[in-house]
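Enquirer: Next comes the sequence, and after it the predicted model I'd like to discuss.
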Amino acid sequence: MKNNKFKVALVAAMIPLPVFAQESTIEKFEEVVITSSRVEQPLREVATSVSVITREDLELKGYTTLADALRTQGSVGVSNQGGTGAVTTLRIRGEEGYRTLVKIDGVDMSDPTGVQVGPLVQNLVNTQDIERIEILRGSQGFLYGADAGGVINVITQTGAEGFSGNASAETGADGTMNLGGSILGGNEVMNFSLSVTDTSTDGFNARSDDTVLQDDDGAENTSIHFKGGLSISPDLTATLVYRDIDAESEYDSCFTSTSMLSNDCLGTTKHETARLSLDYITGAINHTLAYSETRVQRDYFTESALSYGTQGETSQTEYVGSLALNEEQQLVFGADYQKDEITATGSESDQDQLGIFTEYQAGFNDAVFITAGLRHDDNSDFGKHTSYRVSAAYVQELAAADSIKYRATYGTGFRAPSLSEVAYNAGPFGNGVSLQEETSEGFDLGIDYLMENGAEVQLTYFDQEIDNEIYFDLVTFAGYLQSGDKSGSRGVETAIEYPVNSLLTLITNHTYNKTEDSTGTVRVRRPKHLANLGVELALLDERLRVLANVRMARDAVDSGSVPLDDYEVIDLSASYTLANGLEAFGRIENLADEDYEEVTGYNTRDRSFFAGMRYRF
């Protein structure tokens with residue numbers, strides 16, 4: 001009931017006003033994305049479900065972490081266990097978080113030391129140099145790997161001729177301090193960009209059952225990102241990307257050496273990634289050859305004593321080529337070789353996988369677009385597997401420059417058990433069960449309606465299944481088990497962006513997602529309904545921008561089929577240009593002070609205020 005006044009205001013804001021010219025349908029369709037097929041494509045030709053978050057969107061929303069920014073996107077669910085820096089899981093269309101691939105400037109941000117190899121989402125902060133984020137939904141990312149069930153592709157700014165940069169400082173609730181800056185430059189031969197972001201917070205008490213210590217569980221994160229390019233010749237370019245994340249977070253519920261429960265817990269992470277690539281462009285054929293490395297060191301302390309540590313490395317060599325057969329047909333092809341190694345207390349293990357892929361792309365009369373691709377993987381422990389994807393899109397031009405795009409995709413994949421899953425089952429506390437690979441398949445059907453004034457309506461039906469899903473035994477806690485039946489998710493995504501006039505834009509999305517595990521039980525922490533309703537205002541010749549967003553979740557359960565809270569969280573953010581290059585910004589998170597849990601037993605942030613300044617030069 002306490003949110004009713006705000007909801008009434010939002011409904012009132014939807015009353016239609018005179019429509020002014022906005023970004024045209026043609027401009028939207030010609031926006032170039034690269035995530036769907038690893039080569040540049042205008043959205044007109046893309047049949048997969050892709051959305052984009054721009055740098056301007058990220059700055060206006062103002063969230064500290066990428067996970068919070070991604071929450072506002074359709075079909076993206078986030079579960080956080082106690083605030084900034086705490087364990088965070090990001091799910092696309094209800095699939096497990098480790099099936100989501102996160103790449104930053106081509107570098108895979110997965111953690112090889114994880115129980116399942118996936119991104120450490122809680123350590124990915126909203127850095128100053130992000131240019132755009134592309135989100136590919138569903139099990140359609142076979143060009144990135146057979147187990148990609150969704151792709152988050154983060155692209156940072158590239159230095160240009162001259163010199164530029166920015167700096168920002170923000171402070172707010174829970175002793176939060178965010179400092180950041182970036183510099184960019186270049187000439188005809190080289191370019192570079194460097195950003196540094198430092199985030200710290202005192203946090204809040206992570207667990208609701210911590211009634212003894214009742215301490216705040218804080219976090220710190222320093223992230224450095226560098227990207228440099230060198231033009232070796234008119235046809236050959238080299239690019240170096242390096243990222244360093246140094247993070248630590250306090251949490252509750254760990255054990256001492258005498259097996260006593262404690263809430264004085266600390267986790268530290270050192271995460272380094274580097275990628276060197278060569279791009280060779282010669283007329284009809286383009287080549288990209290790259291080598292990347294990831295190194296992760298994680299340590300856990302109970303009452304200042306080291307209780308557990310693990311480290312791991314991933315190396316990957318990849319090649320991607322594209323050949324223009326003619327003006328309407330193109331062939332994308334390539335290969336990747338990846339090796340994972342982990343060293344935990346008293347054990348070492350490794351695994352490697354070679355993948356070869358190709359995709360045929362064709363367009364006819366600038367209206368019909370099809371793709372068909374195959375991928376073959378050879379895993380050192382789990383053998384050979386072939387996966388594929390097909391897609392089709394048809395663009396129908398309507399009167400008054402409106403357009404409709406009909407699209408469909410179908411894809412398959414597989415995931416080999418991780419080194420940690422295998423090691424646990426084979427260890428002294430494991431059940432000895434020999435795990436097999438998981439397989440997956442999924443499809444979606446969609447319609448995109450773009451209007452002359454820039455308004456857009458998207459409707460997508462999706463259905464995806466996992467066979468032989470690996471899960472942890474929560475009854476005996478003896479290790480990982482595997483179901484012979486299927487688990488999956490299916491549902492409907494709706495997204496609308498409507499520029500009411502030159503001042504007001506409405507942005508909303510809703511996802512209905514029905515999930516089931518192999519026993520027919522609802523999968524944990526997957527709301528059946530996820531929704532966002534946003535109102536964006538541009539005032540005073542766009543010097544003042546305001547965004548109000550209501551985020552809603554309904555009908556989710558936790559382990560043991562325990563119902564999770566239904567909630568509506570209201571966030572309000574604004575930015576104001578004070579002078580040329582100087583901007584003030586602020587936000588209120590959880591404006592209505594909603595009391596809810598995303599994971600049973602873990603608190604979420606109360607109403608919180610943040611404010612800061614940004615300077616561009």
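Expert: Arrived safely.
Enquirer: How are the strands of the stretch 451-600 of the chain distributed by residue range?
Expert: Secondary structure of the stretch 451-600 of the chain (DSSP state E, counting those that start in this stretch): strands at 456-467, 470-472, 480-482, 486-499, 504-516, 529-539, 544-554, 557-558, 562-563, 567-579, 582-589.
Enquirer: and the ones you listed, which one is worst for confidence?
Expert: Among these, strand 470-472 has the lowest mean pLDDT, at a mean of 86.
Enquirer: Sheet partners, orientation included, of it?
Expert: Using DSSP bridges, strand 470-472 pairs in its sheet with strand 480-482 (antiparallel).
Enquirer: what comes up buried for stretch 417-433?
Expert: With burial defined by 16 or more other Cβ atoms under 10 Å, the residues of stretch 417-433 counted as buried are Pro417, Ser418, Leu419, Ser420, Glu421, Val422, Ala423, Tyr424, Asn425, Ala426, Val433. From N, CA and C alone the C-beta is placed, and that goes for glycine too.
Enquirer: want to throw these into TSV with pLDDT?
Expert: TSV is the format used below for these (pLDDT from 0 to 100):
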residue	pLDDT
Pro417	89
Ser418	87
Leu419	86
Ser420	86
Glu421	88
Val422	88
Ala423	86
Tyr424	85
Asn425	89
Ala426	86
Val433	90
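Enquirer: Turn those residues into a markdown table, columns for distance to Lys486 and secondary structure.
Expert: Listed next are those as a markdown table, based on distance: Cβ to Cβ, whole Å; DSSP: H, G, I helix; E, B strand; the rest coil:
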| residue | distance to Lys486 | secondary structure |
| --- | --- | --- |
| Pro417 | 18 | coil |
| Ser418 | 21 | coil |
| Leu419 | 25 | helix |
| Ser420 | 24 | helix |
| Glu421 | 19 | helix |
| Val422 | 22 | helix |
| Ala423 | 27 | helix |
| Tyr424 | 24 | helix |
| Asn425 | 22 | helix |
| Ala426 | 26 | helix |
| Val433 | 19 | coil |
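Enquirer: Which members of the residues you listed are the farthest-apart pair?
Expert: The distance between the two most remote of the buried residues of stretch 417-433 (Cβ to Cβ) is 15.6 Å, for Leu419 and Val433.
Enquirer: hang on, the earlier thing: now distance to Thr256 too, for the buried residues of stretch 417-433, in a markdown table please.
Expert: Listed next are these as a markdown table, based on distance: Cβ to Cβ, whole Å:
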| residue | distance to Thr256 |
| --- | --- |
| Pro417 | 31 |
| Ser418 | 28 |
| Leu419 | 28 |
| Ser420 | 23 |
| Glu421 | 27 |
| Val422 | 29 |
| Ala423 | 24 |
| Tyr424 | 22 |
| Asn425 | 26 |
| Ala426 | 27 |
| Val433 | 30 |
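Enquirer: Pick the one among these closest to Val522.
Expert: Glu421 (23.5 Å).
Enquirer: Could you list the low-pLDDT ranges of the stretch 1-150 of the chain?
Expert: When residues are selected by pLDDT under 70, those of the stretch 1-150 of the chain lie in 1-30, 139-141, 146-148.
Enquirer: Let me fix that, I meant to ask about the stretch 301-450 of the chain.
Expert: 345-346.
Enquirer: residue contacts, Ile588?
Expert: Asp571, Leu572, Ser573, Arg607, Ser608, Phe609, Phe610 (Cβ atoms under 8 Å, 6 or more residues apart in numbering).
Enquirer: Run through the bridge partners of it.
Expert: Bridge pairing for Ile588 (DSSP bridges) gives the partners Leu572, Phe609.
Enquirer: and the gap between it and Ile570?
Expert: Plainly put, Ile588 is 8 Å away from Ile570 if you go by Cβ to Cβ, to the nearest Å.
Enquirer: So for the chain, the centremost residue is which one?
Expert: Centroid check for the chain by Cα atoms, centre = their mean gives Ile152 as the closest residue, at 4.0 Å.
Enquirer: can I assume it sits in a strand?
Expert: Yes: counting by DSSP: H, G, I helix; E, B strand; the rest coil, Ile152 is found in a strand.
Enquirer: can I assume it is in contact with Leu101?
Expert: Yes: with contact defined as Cβ atoms under 8 Å, Ile152 counts as touching Leu101 (7.1 Å).
Enquirer: Overlap of the contact sets of these two?
Expert: Residues touching both Ile152 and Leu101 (Cβ under 8 Å, 6+ apart) are Pro119.
Enquirer: so what's the residue nearest to the centre of the chain closest to, chain neighbours aside?
Expert: Nearest residue to Ile152 in three dimensions, chain neighbours excluded: Val102, at 4.6 Å (Cβ to Cβ, 6 or more residues apart in numbering).
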